[in-house]
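Q: next one to model:
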Amino acid sequence: MREETILRKIRSGDPAGLEALMERYLPYVSTVVWNILRGAMAREDGEEVVSDVFLAAWRQGPDLRPGEVKAWLGAVARNKAKNRLRQAGRDLPLEEDALELPGPDDPPGEYERAVERQLVRQAVDSLPGPDREVFIRHYYYAQTVAEIADRMEMNQSTVKTKLRRGRMKLKDILTREGFLREA
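A: As a prediction, the model looks like this:
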């Protein structure tokens, strides 16, 4: 069934539209969700997140546009999976695809930026568990110091200290590798 037909059925309230949408995109949505959850939760929890994504599509049917459905589903799946991790107080992963090395057809300078991203990833991964989680929550998920302190049950000054140490470590590694100049 074509995407336009699926969306028309969803808009009219026909459950066959939702079934067709799920048949078409269930593997994709499941992959997005499980790449974020990475086994941090029970299978049932992951399945519930996937179901929530399709429920959101059912509710947002009038807003969905042909050709944009897959991207919309992917974004919703990422957000719902990240939110579920946050609610459970679990470590938030930094997705691998955000740091992939470019191919030969990518623009000039992209390789250097990718190498720098890889070094940053290695530096962040080398931080102790709680320090790494604080760093990822703040710089990758854009949580405030107050939100992090509340969710991780820490003092705000402790969060700030962990962020400062993380920045210093990143600066040291990037300077040593020649991506930053010493001041």
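Q: secondary structure class for A40?
A: coil (DSSP: H, G, I helix; E, B strand; the rest coil).
Q: next, the contact list for the nearest residue to K9 once chain neighbours are set aside, please.
A: Using C-beta to C-beta, 6 or more residues apart in numbering and skipping residues adjacent in sequence, the residue nearest K9 is G17, 2.7 Å away. C-betas here are computed from N, CA, C, even on glycine. Counting by C-beta atoms under 8 Å, 6 or more residues apart in numbering, G17 makes contact with T5, I6, L7, R8, K9, I10, R11, G61.
Q: so where is the chain shaky, pLDDT-wise?
A: Residue ranges of the chain with pLDDT under 70: 39, 89-116, 177-183.
Q: which residue would you name as the spatial centre of it?
A: What sits nearest the mean C-alpha location of the chain, by C-alpha atoms, centre = their mean, is R78, with 5.3 Å.
Q: could you say which helix or strand holds it?
A: According to DSSP states H and E, R78 maps onto helix 69-88.
Q: buried ones in that helix?
A: By neighbour count on 16 or more other C-beta atoms under 10 Å, the buried set for helix 69-88 is V69, W72, L73, G74, V76, A77, R78, K80, A81, K82, R84, L85.
Q: next, the angle from the longest helix along the chain to helix 69-88.
A: In terms of residue count, the longest helix belonging to the chain (DSSP state H) is helix 15-37. Angle of helix 15-37 versus helix 69-88, following axes from the mean of the first three to the mean of the last three C-alpha atoms, to 10 degrees, is 50 degrees.
Q: and whatever helix or strand comes next after helix 15-37, what does it pack onto?
A: Per DSSP H and E, the first helix or strand lying C-terminal to helix 15-37 is helix 43-59. In terms of contacts (3 or more C-beta pairs under 8 Å, 6 or more residues apart in numbering; DSSP states H and E), helix 43-59 is packed against helix 15-37, helix 69-88.
Q: now these as CSV including distance to E147?
A: Shown next, in CSV, are the helices and strands packed on helix 43-59 (distance: least, C-beta to C-beta, whole Å):
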stretch, distance to E147
helix 15-37, 19
helix 69-88, 9
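Q: quick one, which of those is nearest to M1?
A: Evaluated over these, closeness to M1 peaks at helix 15-37, with 4.7 Å, by C-beta to C-beta.
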